[in-house]
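Q: Got a predicted model here, sequence first, then my questions.
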Amino acid sequence: ETAVFQTPNYHVTQVGNEVSFNCKQTLGHDTMYWYKQDSKKLLKIMFSYNNKQLIVNETVPRRFSPQSSDKAHLNLRIKSVEPEDSAVYLCASSYGLGQDTQYFGPGTRLLVL
Amino acid sequence: QQKVQQSPESLSVPEGGMASLNCTSSDRNFQYFWWYRQHSGEGPKALMSIFSDGDKKEGRFTAHLNKASLHVSLHIRDSQPSDSALYFCAASATSSGQKLVFGQGTILKVYL
């Protein structure tokens, strides 16, 4: 049963446009994450937030910016998309910062033309 | 270089057979390991975690961890066609703030 929701499922855009992806979790978790899964299925963490505070900020281009309004929501904005941004963006959540299992959403597939 | 390496890249087993997947870390800071499974068009789903040396069994799935060699394995007995998916090993360190590092994945195909 899905408890991490992502919208949209799929988005096609042109180079240089701005896009925004939404993520909501109904698990009552304190920590949320954004991962990028590329065309080879490699998964890499981009950001993590705990109680609305940025905890992990991997080396990603500055055009990527996460936005957290509350513990249950974590959005991702990409200003001026590039072709290499084409990927699946996966949102996840976990109870805390300990060794808690992360639960993933279905992903948002982005195609940049 | 990938800090978490998985083998084989792909694996085919008959229905009812045993599937064995391997994962090795090159970073001794990694102390916590998970196995995730991802079906096509879905997000990864955690199968099990293992933090202590030895075996951990959950239903048809058994994970084995050897911290000295930084090796973790997953064995799936009585494999079913629904087990066909991409399997990831993931690891984290105590001080990483729950940052998971994923291996490159193993594609498992269970054939009839």
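A: Yes, it's here. Numbers count the residues shown, from 1 in each chain, chains lettered A, B, ... in the order given.

Q: Report the mean confidence score over whichever strand or helix holds residue B:21.
A: Assessed by DSSP states H and E, residue B:21 sits inside strand B:19-25. For strand B:19-25, the mean pLDDT works out to 97.

Q: Mind listing the residues bridging to the residue in chain A positioned nearest to chain B?
A: Across chain A, the shortest distance to chain B (CB to the nearest CB) belongs to residue A:104, at 3.5 Å. From N, CA and C alone the C-beta is placed, and that goes for glycine too. Beta bridges link residue A:104 to residue A:92 when assigned by DSSP bridges.

Q: wait, it sits on residue A:89?
A: No - Residue A:104 is not in contact with residue A:89 according to CB atoms under 8 Å; the separation is 11.0 Å.

Q: tell me the pLDDT at residue B:80?
A: Looking at residue B:80, its pLDDT is 97.

Q: burial measure for residue B:41, as a count.
A: Residue B:41: 10 surrounding residues under other CB atoms under 10 Å in any protein chain shown.

Q: so who does the nearest residue to residue A:29 once chain neighbours are set aside touch?
A: With CB to CB, 6 or more residues apart in numbering or on different chains as the criterion, residue A:29 has its nearest non-adjacent residue at 4.0 Å, and that residue is residue A:93. Residues near residue A:93 by CB atoms under 8 Å, 6 or more residues apart in numbering or on different chains: A:4, A:25, A:27, A:29, A:31, A:32, A:33, A:102, A:103.

Q: 6 Å instead?
A: A:4, A:25, A:27, A:29, A:32, A:103 (CB atoms under 6 Å, 6 or more residues apart in numbering or on different chains).

Q: which stretch of helix or strand covers the residue most central in space within chain A?
A: In chain A, the C-alpha nearest the mean C-alpha coordinate belongs to residue A:34, at 3.0 Å (CA atoms, centre = their mean). Assessed by DSSP H and E, residue A:34 sits inside strand A:31-37.

Q: quick one: contacts of that strand?
A: Taking CB under 6 Å, 6+ apart as the rule, strand A:31-37 contacts A:43-50, A:74, A:76, A:87-94.

Q: change it to 8 Å
A: For strand A:31-37, using CB under 8 Å, 6+ apart, the contacting residues are A:23, A:25, A:43-51, A:55-56, A:60, A:66, A:68, A:71, A:73-74, A:76, A:87-97, A:100, A:102, A:104, A:107, B:98.

Q: Buried among the residues you listed? Make that a ChimeraX selection.
A: Of the contacts of strand A:31-37, the buried ones go into a single ChimeraX selection, burial set by 16 or more other CB atoms under 10 Å in any protein chain shown:
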select /A:23,25,43,45,46,47,48,49,50,55,56,60,66,68,71,73,74,76,87,88,89,90,91,92,93,94,95,97,100,102,104,107 /B:98
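
Q: Pull up the residues of chain B that are close to chain A.
A: For chain B, the contact set with chain A under CB under 8 Å from any CB of the partner chain comprises B:32, B:34, B:36, B:38, B:41-46, B:49, B:51, B:86, B:88, B:92, B:96-102, B:104-105.
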